[in-house]
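In: got a structure for you, letters missing:
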């Protein structure tokens, strides 16, 4: 009797095999080693879940692969419960630290043929299962696209220049993920309170930090997101470039996450609006910007 497993069941077993082979230490080997663990289970797949390659090899076939790389542009998927879910285009560049993502860049060359760059991104809090599943998805999407993509492994805070260049307003790291119940939504969510620290010259990164004056310093720009109101605060020693980039992030939150229904308030250190004092309390003396500031400590702690 033929037993047909769902994609999720296959991924669960495949990832478990990978973790067992790695001694439970998470995925640290090559992507190919993940493929072996999964392809060995290909006999359990229904016809809808796989195709056969030119050399007779079984290739896993996730439904999302059908829409991958059909035309020039950018596509982003998030690993959700060992499944693959597309991220809304207007939320590209926003990543949950507890998740893993696939990012496919399709470019048309002079001959009109599509070329591909395929990245799998891991957040600092990403689970072993999701990390392994992302690697598996990357391999199988590569196979589905006939081996054409160039593959990249991306780690939060250390992304390649190629990857970072896709997101013109920079990268935004948000706490949580699928396990915590956080979803990429398009609706106008005004029930929110978060603080983002904006850093970087060449690559701008907006990292979610604790909503407290303890997160602030004089050298950076911060965005206090209160749903219907977005307050952009610039430290007395922050540079003009980061301020401009922070403004792009603020406008992106307003337009993409709030459907244009949020008001942006700009303020300088020492001229904080009443709403900000109401949320954070009286402002203490703030430290100057240092290399190991709040966002850097956040990345180090989450990655340890």
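Out: Thanks, I have it. Please read these numbers as outputs of a predicted model, since none were measured by experiment.

In: Show me the protein divided up by domain.
Out: Here the domain assignment for the chain is 66-169, 194-280, based on the TED database.

In: Could you export the ones you listed as TSV, including mean pLDDT?
Out: Shown next, in TSV, are these (pLDDT from 0 to 100):
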stretch	mean pLDDT
domain 66-169	94
domain 194-280	94
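
In: would a markdown table of those domains with mean neighbour count be doable?
Out: (Glycine included, C-beta is placed from N, CA and C.) Formatted as a markdown table, the domains of the chain follow (neighbours: other Cβ atoms under 10 Å):
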| stretch | mean neighbour count |
| --- | --- |
| domain 66-169 | 19 |
| domain 194-280 | 18 |
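
In: Nearest to residue 175, out of those?
Out: Nearest to residue 175, of all these, is domain 194-280, at 5.0 Å by Cβ to Cβ.

In: Pick out the residue nearest the middle of the chain.
Out: The geometric centre of the chain, computed from its C-alpha atoms, lies nearest to residue 95 (Cα atoms, centre = their mean), at 2.8 Å.

In: My guess is residue 261 contacts residue 228. True?
Out: Yes - here residue 261 reaches residue 228: they are 7.1 Å apart, a contact under Cβ atoms under 8 Å.

In: Residues in a beta bridge with residue 80, which ones?
Out: residue 83 (DSSP bridges).

In: didn't it look like it was pressed against residue 137?
Out: No - counting by Cβ under 8 Å, residue 80 does not reach residue 137; the two are 11.3 Å apart.

In: contacting residues around the closest residue to residue 226 other than its chain neighbours?
Out: Using Cβ to Cβ, 6 or more residues apart in numbering and skipping the chain neighbours, the partner closest in space to residue 226 is residue 193 (5.8 Å). Taking Cβ atoms under 8 Å, 6 or more residues apart in numbering, we find residue 193 in contact with 211, 225-227, 279.

In: Can you name the residues bridging to the residue nearest to residue 126 when sequence neighbours are not counted?
Out: Distances taken as Cβ to Cβ, 6+ apart put residue 100 closest to residue 126, at 4.9 Å, once the chain neighbours are dropped. Taking DSSP bridges as the rule, residue 100 bridges to residue 122.

In: Would you check that residue 100 makes contact with residue 130?
Out: Yes - with contact defined as Cβ under 8 Å, residue 100 reaches residue 130; the gap is 4.4 Å.

In: Need the residues touching each of these two.
Out: residue 79.

In: now the helices: where do they sit in the stretch 151-300 of the chain?
Out: Secondary structure of the stretch 151-300 of the chain by DSSP state H, counting those that start in this stretch: the helices cover 161-164, 240-252, 274-280, 294-303.

In: correction: the stretch 1-150 of the chain
Out: 7-21, 31-39, 128-144.

In: and the gap between the residue nearest to the centre of the chain and residue 258?
Out: The gap separating residue 95 from residue 258 is 19 Å, by Cβ to Cβ, to the nearest Å.

In: do residue 206 as well
Out: Distance from residue 206 to residue 258, by Cβ to Cβ: 16 Å.

In: Then residue 142?
Out: Distance, residue 142 to residue 258, by Cβ to Cβ: 37 Å.

In: correct me, but residue 263 touches residue 231?
Out: No - shown here, residue 263 and residue 231 do not form a contact pair, counting by Cβ under 8 Å, at 9.4 Å.

In: before we move on, the earlier item: switch the domains of the chain over to TSV; also include distance to residue 176.
Out: Output for these, formatted as TSV (distance: least, Cβ to Cβ, whole Å):
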stretch	distance to residue 176
domain 66-169	6
domain 194-280	9
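
In: out of those domains, nearest to residue 286?
Out: domain 194-280 (5.3 Å).

In: Strands of the stretch 51-200 of the chain, start to end?
Out: For the stretch 51-200 of the chain, the strands defined by DSSP state E, counting those that start in this stretch occupy 58-60, 73-80, 83-86, 94-96, 100-108, 114-122, 150-155, 171-174, 194-199.

In: Let's have the ones you listed in a markdown table, adding distance to residue 218.
Out: Shown next, in a markdown table, are the strands of the stretch 51-200 of the chain (distance: least, Cβ to Cβ, whole Å):
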| stretch | distance to residue 218 |
| --- | --- |
| strand 58-60 | 52 |
| strand 73-80 | 35 |
| strand 83-86 | 40 |
| strand 94-96 | 27 |
| strand 100-108 | 34 |
| strand 114-122 | 32 |
| strand 150-155 | 29 |
| strand 171-174 | 22 |
| strand 194-199 | 13 |
